[in-house]
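Student: what follows is a predicted protein model with its sequence.
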Amino acid sequence: MSDGAVEVSDVVVRYGAKTAVDAKIAVDRVSLTVPRGRVLALLGHNGAGKTSLLQVCEGFRPPDQGTCRVLGLDPIADHDALMPRLGIMLQSGGFYPWATAAELLHLYASFSANPINPDDLLDRLGLRKAAKTRFRRLSGGEQQRLSLAIALVGRPELVFLDEPTAGMDTEARHTTWQLIEQLRADGVSVLLTTHLLDEAERLADDVVIMREGRVAATGTPGELTAAAGIDLLEVRAEPALAPVLPFPVTESSPGEYTITGTLDAAAIAEVLAWFARSGAQVTAVNTRRRTLEDVYLALTAEKAAAR
Ligand SMILES: Nc1ncnc2c1ncn2[C@@H]1O[C@H](COP(=O)(O)OP(=O)(O)OP(=O)(O)O)[C@@H](O)[C@H]1O
């Protein structure tokens, strides 16, 4: 038996002419593992290849190159054996529009040998009042919540969630986060995509950042954010200057600087001394750890700089 719930190795997904050199490469030799019982968040800008990779894992498309094993099985050849063990939440629901929320959830529950009680799930996701509403009449956030309920009702071992909280209000998002945390506590493996970096930071054991079809960075949120000396020093000073410092400096708005580097007490003193020597009045100083968002934005900036 293989170790990972999902094991993707050198997967390539191309669109258009499969052999032509100008075929679009959406996923470019990506390898990743979702360990059993863990949550992996796939991050990346629009078009980075997240959904295409997920579709390979879900068995909706074969990889053009590479291999993918899901719960030790081939997602296409072993589709029938695999599907009852998976929960899949797509970006767009795609459910029969005339069925009510309750009818859909009960229908999907009937496919499972040991489903969660659908009514409990409707309550848990705040859908009780919408139970008799046809799918097409549900709000966007309600459709998302129902899609999540449908993905979970069969007590899956592994869940694929494509932007699970997109379009949800704050309360629904927090409920969803709690549900995902409960899944992990129950030993369920989760592969999710998200644009919300706080979502990834809160939920994910492991993060893979994709950029233009490739893996740009990978690690636990802690590993990605806590490499040596990557604290941030934020300085507000008047008048606005162009600081000359032995650290990378960005100016988010005139007079607002973010300095990154090995920022121990001596380094901070050096930065403040520079402003003092330059005749600037420092009006605010703040230090903080880098967040996943900082890491993500730095990777995006690298891409822009490389162009
Ligand atoms: N069926 C298709 N035919 C042609 N190109 C496609 C197809 N599906 C996706 N693509 C392209 O492949 C690239 C990756 O798309 P994909 O949907 O996998 O990205 P994503 O990271 O999920 O983006 P988003 O965050 O916007 O959902 C994009 O450039 C997209 O336009």
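Tutor: Cool, the structure landed. Numbering: from 1, shown residues only.
Student: quick check: chain neighbours aside, which residue is closest to Glu201?
Tutor: Spatial nearest neighbour of Glu201, excluding adjacent residues (Cβ to Cβ, 6 or more residues apart in numbering): Leu292 at 4.6 Å. For glycine as for every other residue, the C-beta is placed from the backbone atoms N, C-alpha and C.
Student: hmm, Ala200 and that neighbour touching each other?
Tutor: Yes: with contact defined as Cβ atoms under 8 Å, Leu292 counts as touching Ala200 (5.8 Å).
Student: which neighbours do those two share?
Tutor: Common contacts of Leu292 and Ala200 (Cβ atoms under 8 Å, 6 or more residues apart in numbering): 43, 207, 221.
Student: what comes into contact with stretch 63-73?
Tutor: Stretch 63-73 has contacts (Cβ under 8 Å, 6+ apart) with 1-2, 4-14, 18, 27, 29-31, 56-57, 59, 74-75, 81-82, 85-86, 157-158.
Student: one step back: sitting in strands, which of the shared contacts of Leu292 and Ala200 do you find?
Tutor: Judged by DSSP state E, the subset of the shared contacts of Leu292 and Ala200 located in strands is 43, 207.
Student: closest to the ligand out of the shared contacts of Leu292 and Ala200?
Tutor: Leu43 (9.1 Å; Cβ to the nearest ligand atom).
Student: now that that closest one has come up, it's in contact with Thr194, right?
Tutor: Yes: using Cβ under 8 Å, Leu43 is in contact with Thr194, at 6.6 Å.
Student: more crowded one of the two?
Tutor: Shown here are Leu43 and Thr194; by other Cβ atoms under 10 Å, Leu43 has more neighbours (27 against 22).
Student: show me what contacts that one?
Tutor: Per Cβ under 8 Å, 6+ apart, neighbours of Leu43: 50, 193-195, 197, 200, 207-210, 292, 296.
Student: sorry, back to before: residue contacts, the residue nearest to Glu201?
Tutor: 43, 197-198, 200-201, 207, 221, 224-225.
Student: tell me the phi and psi of Gly126?
Tutor: Backbone geometry at Gly126, expressed as degrees, to the nearest 10, gives phi 70, psi 30.
Student: any stretches of the stretch 151-300 of the chain with poor pLDDT?
Tutor: Confidence mapping of the stretch 151-300 of the chain against pLDDT under 70 gives the ranges 226-230, 300.
Student: can you map out the helices along it?
Tutor: Ranges of helices in the stretch 151-300 of the chain, per DSSP state H, counting those that start in this stretch, are 170-185, 197-203, 221-225, 265-277, 292-306.
Student: looking at those helices, which one is packed in the most?
Tutor: Among the helices of the stretch 151-300 of the chain, helix 197-203 has the highest mean neighbour count (mean count of other Cβ atoms under 10 Å), at a mean of 20.
Student: where does the stretch 1-150 of the chain come near the ligand, residue by residue?
Tutor: 15, 24, 26, 44, 46-52 (Cβ under 6 Å from any ligand atom).
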